[in-house]
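Colleague: Below is the sequence, then the predicted model.
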Amino acid sequence: MLNDAYSADTFRTHAHQLVDLLSDYLQQTENRQLEKVIPYQSPDDSLAYWNDDFAQGPGDVDDFFRKVIKQSTHLHHPRYMGHQVCPPLPIAAMAGLLTGLLNNGMAVYEMGLVSNPLERIVSELLARRIGFDEKSSGLLTSGGTLANLTALLAARAAKAPGDVWQHGSQERLAVMVSAEAHYCIDRSARIMGFGEGGIIKIPVNAQFQMRTDLLEQYYQQATATGLTVIAVIASASSTSTGAYDNLEAVADFCDKHSLWLHIDGAHGGGVVFSDTYRHLVKGMDRANSVVIDWHKMLMTPALATSLIFRRNEDSFRTFHQQAQYLWASSSEDWFNSGKRTFECTKLMMSVKIYAILKAYGEAIFTENVDRLYDLARQFADRIRQHPQLQLAVSPQSNIVCFRYSNSASADLNQANSQIRQELLQEGRFYIVQTTLHGEVYLRVSLMNPLTTLDDLDDLLGAILAIVPVPRA
Ligand SMILES: Cc1ncc(COP(=O)(O)O)c(C=O)c1O
């Protein structure tokens, strides 16, 4: 069995079939021939389906692939506008197949002969785009969540009194972050033992940006209660509404108190590729560390996240450990990926990103960011014009939050939740919802550059068809 399972001929047969299947799939989704974006069924029904499939034992794997495609959420469908995960470029998905088969695990140079140098090239490209100089460096890691945790560990190593890595924390450490930041910041701080009191949440203004005018007051209150603040985390952009914090103001504050500035640009950091929108991250080059997800705005299959440090030496502060079986010395070499990442074995992410650059150059990132951000602004105009719809805030990124708002409706939260639920059941569009100031809003993340204004008009039509418009 093993010989056959590994044989080149077996691979060739199945792989050709899979490529044909995926090509047909792409054609159907992109041309909107596939009626549903999301073939939603309840978790229990889905489990029952797969239990039944599993009970049949080994069988036709091509048939299994077909079922997986059929039952998945279709990110390449132009009416996919749900969570912030991109429809990956086919060329990058192909690199996924290539790297899946090669499986060079990366922790040490010898297991990442190609992916370690490519990781350096890709990191340096992003560092230049951010505006960092040649003293910077970066790494790739599996997702924004892990990258943010890694950055905060570096912040602790740089700013906490004593050597926490060696002796544990003697102080009550804390970070300051906008109340709208992604939950992974809160989670990271708790993992690091800061507890709830060590996560100082700064309220936001009407645009859902951190109230930088409150930073000083919150800092003084924290220090007065015995906390040692080590870092401020700015969002670029936030998750719910896509709001960009004022990075210059946060950087000024960090300079004043010698705090670490970390910027979570997991979603919106991709604007560094856009001449039109890079003003949104003015001041990013003053950060100590920046996170940018390639699998959000930059068309790479998940997961692939860059963590870029303004100073190379900071990237080695995080995990200084000896592992004799992996590397002989503890020197700061760039080519042994495992010295700087939480992961030991790691996906060959850089190959996927590099494949995009090889095929299209950086211009494709520019085009994608510009198109999606432009479209969000056009969509917001449509919503503004509609008397029964209310925009939460003018979009800064490609995330648009709005709600059905008709004074005749008794419970708008219930009405909007119902709209979202019915859209999910229908499956012709995929959008999500969020809660802002205690109110339920519909939330659209424009992730697919093939989405058009006509698709969005149809979405508004579908929404208004769910909630009957009261007659005058
Ligand atoms: C601002 C922000 N930070 C971090 C994350 C987490 O990133 P990941 O899903 O890559 O772990 C997200 C995810 O949506 C995000 O929007």
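Modeller: Cool, got the structure. Nothing here was measured: the structure is a model prediction, and the numbers come from that model. Residues are numbered from 1 along each chain as shown.
Colleague: N413: how many residues sit nearby?
Modeller: 15 (other Cβ atoms under 10 Å). For the C-beta atoms, the positions are set from N, CA and C on the backbone; glycine is no exception.
Colleague: Please name every helix or strand in contact with the one helix or strand M176 maps to.
Modeller: Per DSSP states H and E, M176 falls inside strand 172-178. Contact here means 3 or more Cβ pairs under 8 Å, 6 or more residues apart in numbering; DSSP states H and E; on that basis strand 172-178 packs against helix 144-159, helix 183-191, strand 199-202, helix 215-224, strand 227-235.
Colleague: Now do it, average pLDDT.
Modeller: In this model, strand 172-178 has a mean pLDDT of 98.
Colleague: List the strands paired with it, with their directions.
Modeller: Strand 172-178 pairs in its sheet with strand 199-202 (parallel), strand 227-235 (parallel), by DSSP bridges.
Colleague: between those strands, which one is nearest to Y109?
Modeller: Ranking the strands paired with strand 172-178 by their distance to Y109 (criterion: Cβ to Cβ) puts strand 227-235 first, at 31.2 Å.
Colleague: Contact residues of this structure facing the ligand?
Modeller: Proximity of the chain to the ligand (Cβ under 6 Å from any ligand atom) is limited to residues 84, 143-145, 182, 184, 235, 239, 264, 266-267, 293, 303, 305.
Colleague: One more pass at 8 Å, please.
Modeller: By Cβ under 8 Å from any ligand atom, the residues of the chain that approach the ligand are 83-85, 143-148, 181-182, 184-185, 235-239, 264-268, 291, 293, 295-296, 302-303, 305.
Colleague: Would you write a ChimeraX line that selects the buried entries of those residues?
Modeller: Of these, the buried ones go into a single ChimeraX selection, burial set by 16 or more other Cβ atoms under 10 Å:
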select :84,85,143,144,145,146,147,148,181,182,184,185,235,236,237,238,239,264,265,266,267,268,291,293,295,296,302,303,305
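Colleague: For the ligand, what is the nearest residue in the stretch 251-400 of the chain?
Modeller: A266 (3.4 Å; Cβ to the nearest ligand atom).
Colleague: wait, doesn't that residue sit right on H295?
Modeller: No - A266 is beyond contact range of H295, at 9.3 Å (criterion: Cβ atoms under 8 Å).
Colleague: Which residue ranges of the chain form strands?
Modeller: 137-141, 172-178, 199-202, 227-235, 260-264, 289-293, 305-309, 389-391, 399-404, 432-436, 439-445 (DSSP state E).
Colleague: Highest mean neighbour count out of the ones you listed?
Modeller: Neighbour counts (mean count of other Cβ atoms under 10 Å) averaged over each of those peak at strand 289-293, with a mean of 30.
Colleague: contact partners of that strand?
Modeller: Applying Cβ atoms under 8 Å, 6 or more residues apart in numbering, the external contacts of strand 289-293 come out as 126, 130, 143-144, 147-148, 151, 154-155, 260-267, 269-270, 272, 284, 298, 303-310, 314.
Colleague: quick one: contacts of stretch 428-443?
Modeller: In contact with stretch 428-443 (Cβ under 8 Å, 6+ apart) are residues 35-38, 73, 77, 79-83, 208, 240-241, 392, 399-404, 412-413, 416-417, 419-420, 423-424, 444-445, 458-459, 462-463.
Colleague: Show me those that map onto helices.
Modeller: Among these, the ones falling in helices (DSSP state H) are 412-413, 416-417, 419-420, 423-424, 458-459, 462-463.
Colleague: List buried residues within those residues.
Modeller: The neighbour-count test (16+ other Cβ under 10 Å) marks 412, 416, 419-420, 423-424, 459, 462-463 as buried among the ones in helices among the contacts of stretch 428-443.
Colleague: in stretch 110-128, what's buried?
Modeller: 111-112, 115-116, 118-120, 122-127.
Colleague: Make CSV out of those residues and add pLDDT.
Modeller: Below are the buried residues of stretch 110-128 laid out as CSV (pLDDT from 0 to 100):
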residue, pLDDT
M111, 92
G112, 93
S115, 96
N116, 95
L118, 97
E119, 97
R120, 96
V122, 98
S123, 97
E124, 97
L125, 98
L126, 98
A127, 98
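Colleague: Can you add mean pLDDT and give the helices and strands packed on strand 172-178 back as CSV?
Modeller: Listed next are the helices and strands packed on strand 172-178 as CSV, based on pLDDT from 0 to 100:
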stretch, mean pLDDT
helix 144-159, 96
helix 183-191, 96
strand 199-202, 98
helix 215-224, 98
strand 227-235, 98
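Colleague: want to throw those into a markdown table with distance to Q388?
Modeller: Formatted as a markdown table, these follow (distance: least, Cβ to Cβ, whole Å):
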| stretch | distance to Q388 |
| --- | --- |
| helix 144-159 | 36 |
| helix 183-191 | 32 |
| strand 199-202 | 34 |
| helix 215-224 | 39 |
| strand 227-235 | 31 |
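Colleague: between these, which gets nearest to F342?
Modeller: Per Cβ to Cβ, nearest to F342 of those: helix 144-159, 5.9 Å.
Colleague: The closest one vs strand 305-309, what angle?
Modeller: Interaxial angle of helix 144-159 relative to strand 305-309 (axes from the mean of the first three to the mean of the last three Cα atoms, to 10 degrees): 20 degrees.
Colleague: which outside residues touch helix 144-159?
Modeller: 141, 164-165, 173, 175, 182, 184-185, 187-189, 191-192, 230-231, 233, 258-260, 262, 264, 266-267, 288-289, 291, 293, 296, 305-307, 309, 314-315, 317-319, 341-343.
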